[in-house]
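> heads up, no residue letters with this:
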C-alpha cells in the first residue's frame, strides 16, 4: 500500500448545491466541508450559516468556490 497522497477528484457544482440545500434543514456549512473549507464550514455549522446570511451569500458564490477547489487553490 502506497502512502503517497492521492489526487482529490473534482468537485461537482450539482452536489455542492444539493449540500447547500441541506443547510435549509439545519446542516449549514456541509457544502463548505465538501469543498475543503474546513474552518469556515465549522463556523457555518456552529452559527447556523452566520444566522442564515452567510448561507444566502453562498448561494451566489458557490460556482466560484467549486472552481477554486477544482483548480487546487489554497482555501481557508
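It's in. No experiment lies behind these values; they were computed from the predicted model shown.
> tell me what the longest helix anywhere in the chain is packed against?
Secondary structure of the chain per DSSP state H: the longest helix is helix 53-71. Helix 53-71 sits against helix 13-22, helix 30-34, helix 38-51, with contacts defined as 3 or more Cβ pairs under 8 Å, 6 or more residues apart in numbering; DSSP states H and E. Placement of C-beta: from N, CA and C, glycine included.
> could you pull up the residues touching the residue minimising distance to the centre of the chain?
For the chain, residue 32 is the residue whose C-alpha lies nearest the centre (Cα atoms, centre = their mean; 1.8 Å). With contact taken as Cβ atoms under 8 Å, 6 or more residues apart in numbering, residue 32 is in contact with 38, 40-41, 44, 58, 65.
> tell me the secondary structure for residue 36?
Here residue 36 is recorded as coil under DSSP: H, G, I helix; E, B strand; the rest coil.
> residue ranges with poor pLDDT in the chain?
In the predicted model of the chain, residues 1-5, 75-76 satisfy pLDDT under 70.
> most widely separated two among the contacts of residue 32?
Greatest spatial distance among these (Cβ to Cβ): 38 and 58, at 15.2 Å.
> more crowded one of those two?
Legend: neighbour count by other Cβ atoms under 10 Å for residue 38 and residue 58, higher for residue 58 (22 against 13).
> if we can go back for a sec, pick out whichever of the contacts of residue 32 sits closest to residue 27.
Residue 27 lies nearest to residue 44 out of the contacts of residue 32, by Cβ to Cβ, at 9.5 Å.
> for the closest residue to the closest one other than its chain neighbours, which residues are in contact?
For residue 44, ignoring the flanking residues on the chain, the nearest one in space by Cβ to Cβ, 6 or more residues apart in numbering is residue 29 at 2.9 Å. Residue 29 is in contact with 23, 40-45, 49, counting by Cβ under 8 Å, 6+ apart.
> a markdown table for the residues you listed, including neighbour count?
Shown next, in a markdown table, are those (neighbours: other Cβ atoms under 10 Å):
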| residue | neighbour count |
| --- | --- |
| 23 | 23 |
| 40 | 18 |
| 41 | 18 |
| 42 | 13 |
| 43 | 16 |
| 44 | 23 |
| 45 | 17 |
| 49 | 24 |
